[in-house]
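**Student:** quick one, fold the following:
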Amino acid sequence: MVFSKKKNKETKELSTIKDDSFAELAIDVFQTPEEIIIQSPIAGVKSEEVDVSIENDMITISGHRQKQQIVDEDNYFYQECYWGGFSRTIGLPTQEVDIEKAKADMDNGVLTIRIPRAVRVRTRKLKIGSKG
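**Tutor:** Numbers count the residues shown, from 1 in each chain. Model prediction:
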């Protein structure tokens, strides 16, 4: 991502972000005893415009933030918002999760993904008895 500064007609400095690729989302990943939780603020995007996929131990969040109106560049005082595609792929911190029961919700512009921990297989050592 390239940051550049410009001046408009009135010589006011403008900060702009120019990038032809996808923007990377900021995320928080944390755990409870029952699940792994991933949160990301994705303001200005409807839930149906966000794709979340889990493959093996990797999770990908992607989508597109559409600009609502076109404004001539000379009319901006500040242009800091990112418009366009975004994507983030991360490795899950543990493979002991049940991806079939994973859920994603969007509330007030914050995406929350909940991935339950898998039921652990318990190991028990058996004492071998002898007959006779």
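**Student:** can you show me the strands along this protein?
**Tutor:** Using DSSP state E, the strands of the chain run over residues 2-7, 13-18, 28-31, 35-41, 50-55, 58-65, 84-91, 103-107, 110-116.
**Student:** low-confidence regions, this structure specifically.
**Tutor:** 1-21, 121, 132 (pLDDT under 70).
**Student:** returning to that earlier point: Tyr76 is nearest to which of the strands of the chain?
**Tutor:** Of all the strands of the chain, the one in closest proximity to Tyr76, counting by C-beta to C-beta, is strand 13-18 (5.9 Å). In this view, the C-beta of every residue, glycine as well, is placed from N, C-alpha and C.
**Student:** with distance to Ser130 and mean neighbour count as extra columns, can I get the strands of the chain in a markdown table?
**Tutor:** Shown next, in a markdown table, are these (distance: least, C-beta to C-beta, whole Å; neighbours: other C-beta atoms under 10 Å):
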| stretch | distance to Ser130 | mean neighbour count |
| --- | --- | --- |
| strand 2-7 | 75 | 10 |
| strand 13-18 | 75 | 13 |
| strand 28-31 | 45 | 12 |
| strand 35-41 | 45 | 17 |
| strand 50-55 | 49 | 14 |
| strand 58-65 | 50 | 17 |
| strand 84-91 | 48 | 14 |
| strand 103-107 | 51 | 12 |
| strand 110-116 | 43 | 18 |
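**Student:** wait, which of these is closest to Asn75?
**Tutor:** Nearest to Asn75 among these is strand 13-18; the distance by C-beta to C-beta comes to 10.5 Å.
**Student:** hey, what's Ile90 bridged with?
**Tutor:** Ile90 has these beta-bridge partners by DSSP bridges: Ile59.
**Student:** quick one: it from Arg122, how far?
**Tutor:** 29 Å (C-beta to C-beta, to the nearest Å).
**Student:** I'd say Gln66 and Trp83 touch.
**Tutor:** Yes - between Gln66 and Trp83 there is a contact at 6.9 Å, judged by C-beta atoms under 8 Å.
**Student:** sounds good, over and out.
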